[in-house]
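# build me a model from this:
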Amino acid sequence: MWRPDRSGDKPIYQQIAEHIERRIAFGELPPGSALPSERKLAQQWEVNRSTVIQAYEELRASGLIESIPGSGRRVSRYKWGIAPKHTPPNWRQYAEGGTFMPNLPFIRRLREAKRSETPLIDFSSGELAADLFPNDAVRKLMKEQPFTDHLGYHDPQGYLPLRETLTAYLQRYHQIQATEASVFITSGSQQSLYLITQCLLSPGDAVAIEDPSYAYSLPMFQSAGLRLFRLPVDEGGARPEDVVALHRKHKLKMIFLNPNFQNPTGSVLLPARRKRMLELAAELGVPIVEDDPFSLTACGDMPLPLPLKSLDTDGTVLYIGSLSKIAASGFRIGWLIAPQEIVSRLTDARLQMDFGLSIFPQWIANAFLQSEHFPQHLHELRQALKARRDLLLESLRQLLPEEISCRRPEGGLNLWCKIRQPISDSRLLEEGIKRSILFVPGSVYGSESGYVRLSYSRPGLSDIPVGAARLAEAIRAARL
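As a prediction, the model looks like this:
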C-alpha cells in the first residue's frame with residue numbers, strides 16, 4: 001500500500017496529490033469516480049485532515065477533480081473544461097451490477113481495518129497463527145522429496161495420489177468410507193459451498209441454514225437466488241423438529257449443517273439429533289451438506305467427534321473438509337465427498353472455471369498427510385488451541401465478569417460471547433478498531449445485536465490478555 005515519504009523534501013500534500021494524479025492517469029480512477037473523504041484518507045495515511053484537503057485543492061485547481069454538493073469529490077469528467085473525445089465506460093455502474101453480491105459491510109470494514117500499518121490484535125480471523133503452521137515439516141518434506149510430476153494440467157477432479165491419500169485419512173480420523181472416485185478436490189470449503197450453490201441448486205430453491213451460522217457471512221447464497229430459512233442452534237446444535245416444520249412449509253431442497261464445533265457457537269450436535277437428522281434426510285429425500293472444518297481441533301486430549309458422514313448409510317450427506325483449520329490456510333486444499341454423479345457435475349464446472357488446481361499445493365498436501373509429521377502436528381495444534389482458549393476465557397472472566405458470557409467450546413477456533421448490556425454492533429466494532437482490536441459482530445452470522453465471535457487461533461499467547469483488555473474498553477465505551 002502506498003504511503004507518503006516523510007523523510008523526503010517534497011511536501012506531504014504534494015506527494016498525495018501526485019499519487020492520486022497517477023491513479024487517474026493509469027485509469028485506476030476513471031472519470032466520474034468517487035474519491036474517499038478527507039477524514040478517511042487522513043486516517044489511512046496517518047496525516048492531518050488539512051493535508052488531504054490541501055492535496056484535493058491542488059487537484060481541483062488543475063481540473064483533475066471536482067466537488068459536487070452532497071456527493072463529495074469525484075474525478076472530473078472534463079479536464080480543464082475540454083470534453084473528452086471518447087466516453088469512458090461507467091465503471092461504477094458495472095461495479096454495482098452483476099449477480100454476485102459484495103461482502104457484508106462489517107466484513108468490508110474489517111478488511112479495510114486490516115490494511116492499516118498499525119499493529120492489530122486480530123480476534124476476527126478464523127485462520128491459524130503462523131506459529132501453528134507446520135512450516136518446519138513442509139520444508140523438510142520439500143527437501144527430502146523432490147518434485148517430479150509434470151507441470152501441465154492435471155485431472156480437474158483433483159490430483160489422484162492426493163485423492164487416494166484422503167480416502168485413508170478419512171477412514172483413520174473420521175471413520176468415513178470413501179473411494180478416490182468420490183473425492184473432489186477444491187481450493188477450500190468456501191469453493192465447495194460455492195460450487196454446490198451454483199451447480200446443484202437453482203434460484204428460488206429453499207435451503208435450511210443454522211442460526212447463527214458462518215454461512216450468513218457468505219453472500220454467495222443470496223447471489224445464487226436461494227431462499228434461506230433458519231435452523232436455531234442451541235448448545236446441542238440444530239433441532240430435527242425444526243427441519244420437519246420448515247420442509248412442511250417451504251419444501252426444502254438442501255440442509256446445511258456444521259455439526260462439530262459449529263461456527264460461530266462452538267456447539268456439537270447431540271447424538272440423538274444426529275441420528276434423527278439422518279433419518280429425516282433419507283425420509284424426505286433432502287440432502288445434508290456437512291461442513292466439517294473443525295472435527296480434528298478438539299482441545300487437548302478431548303475425544304474427536306465423528307462427522308455425520310461416518311453414520312450415513314443412505315448416501316444423503318455431501319461432506320466438506322479442508323486443511324485450512326488443521327494445517328495451513330495457504331495450502332488452499334479442501335475436499336468434497338459426494339456420489340460420483342455429483343463429482344462428475346462439479347468436475348465439469350471446474351473445467352469451465354480453471355481446469356483444476358495447481359499441482360504444487362496438492363503435491364505438498366499429499367506428502368504432508370502421508371508423513372509422520374501430520375499426527376505430531378495435529379497433537380501439538382490441539383494442545384496449543386486449548387492453551388489459547390483457556391487463556392482467553394480466563395482473561396474475559398477477570399476483565400468482564402458481569403458484562404459478558406461466553407460458551408466454553410470443546411474444540412474449534414472460536415468463542416461465542418453474549419454482551420449482557422444493550423449495545424450497537426457498529427459502534428462496538430468502531431470502538432474496537434480505535435483500540436486496534438478486531439472481532440466479528442454476531443449479526444454477521446445472522447444473530448441479533450449484542451453477540452461477538454472471538455477467534456483465539458490467530459493472536460499469540462502474549463497478545464490474548466492485551467486483546468481482552470482492549471475489548472473490555474471497547475464494550476464499556478460502546479454501551480447504549
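
# number of residues surrounding Lys140?
For Lys140, the number of neighbouring residues by other CB atoms under 10 Å comes to 14. The C-beta positions use only the backbone N, C-alpha and C, and glycine is treated the same way.

# could you check how far it is from Thr165?
If you measure Lys140 against Thr165 using CB to CB, to the nearest Å, the figure is 18 Å.

# ditto for Gln93
Computed with CB to CB, the distance linking Gln93 and Thr165 is 48 Å.

# do Ser322 as well
On the measure of CB to CB, Ser322 and Thr165 end up 15 Å apart.

# in which helix or strand would I find the closest residue to Pro259 other than its chain neighbours?
Distances taken as CB to CB, 6 or more residues apart in numbering place Leu269 nearest to Pro259, at 3.8 Å, with adjacent residues excluded. Counting by DSSP states H and E, Leu269 is held by no secondary-structure element, helix or strand.

# then Arg397?
Using DSSP H and E, Arg397 sits in helix 373-399.

# mind listing what's buried along that helix?
When neighbours are counted by 16 or more other CB atoms under 10 Å, the buried residues of helix 373-399 are found to be 373-374, 377-378, 381-382, 384-386, 388-389, 391-393, 395-396, 399.

# quick revisit: between Gln93 and Thr165, which one's more packed in?
Thr165 (19 against 9).

# who's in contact with that one?
Remark: with contacts taken as CB atoms under 8 Å, 6 or more residues apart in numbering, Thr165 is in contact with 366, 369-370.

# now with 10 Å?
By CB atoms under 10 Å, 6 or more residues apart in numbering, Thr165 lies in contact with 159, 180, 183, 365-370.

# okay, and it sits in which element?
Counting by DSSP H and E, the element that carries Thr165 is helix 160-174.

# got the CA positions of stretch 330-346 in PDB?
What follows is stretch 330-346 as a C-alpha-only set of coordinates in PDB (Å, rounded to 0.1, in the frame of the first residue of the first chain):
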ATOM      1  CA  GLY A 330      -2.100 -21.300   2.500                       C
ATOM      2  CA  PHE A 331      -2.300 -24.900   1.300                       C
ATOM      3  CA  ARG A 332      -5.700 -23.900  -0.300                       C
ATOM      4  CA  ILE A 333      -6.800 -27.500  -0.200                       C
ATOM      5  CA  GLY A 334     -10.300 -28.800   0.600                       C
ATOM      6  CA  TRP A 335     -12.400 -31.700  -0.500                       C
ATOM      7  CA  LEU A 336     -15.900 -32.700  -1.100                       C
ATOM      8  CA  ILE A 337     -17.100 -36.300  -0.700                       C
ATOM      9  CA  ALA A 338     -20.100 -37.000  -2.900                       C
ATOM     10  CA  PRO A 339     -21.800 -39.500  -5.200                       C
ATOM     11  CA  GLN A 340     -20.000 -39.900  -8.400                       C
ATOM     12  CA  GLU A 341     -22.800 -38.300 -10.400                       C
ATOM     13  CA  ILE A 342     -22.300 -35.100  -8.300                       C
ATOM     14  CA  VAL A 343     -18.500 -35.300  -8.600                       C
ATOM     15  CA  SER A 344     -18.800 -35.500 -12.400                       C
ATOM     16  CA  ARG A 345     -21.100 -32.500 -12.400                       C
ATOM     17  CA  LEU A 346     -18.700 -30.400 -10.300                       C
END
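
# list the buried ones in it?
Neighbour-count burial for stretch 330-346, counted by 16+ other CB under 10 Å, picks out 330-338, 342-343, 345-346.

# now do that stretch, average pLDDT.
Along stretch 330-346, the predicted local confidence has a mean pLDDT of 95.

# repeat that for stretch 102-120.
If you average the pLDDT values across stretch 102-120, you get 87.

# quick one: distance of the lowest-mean-pLDDT helix or strand in the chain to the chain centre.
Across the helices and strands of the chain, mean pLDDT, DSSP states H and E gives its lowest value to helix 91-95, namely a mean of 73. Relative to the mean C-alpha coordinate of its chain, helix 91-95 is positioned 25 Å out (CA atoms, centre = their mean, to the nearest Å).
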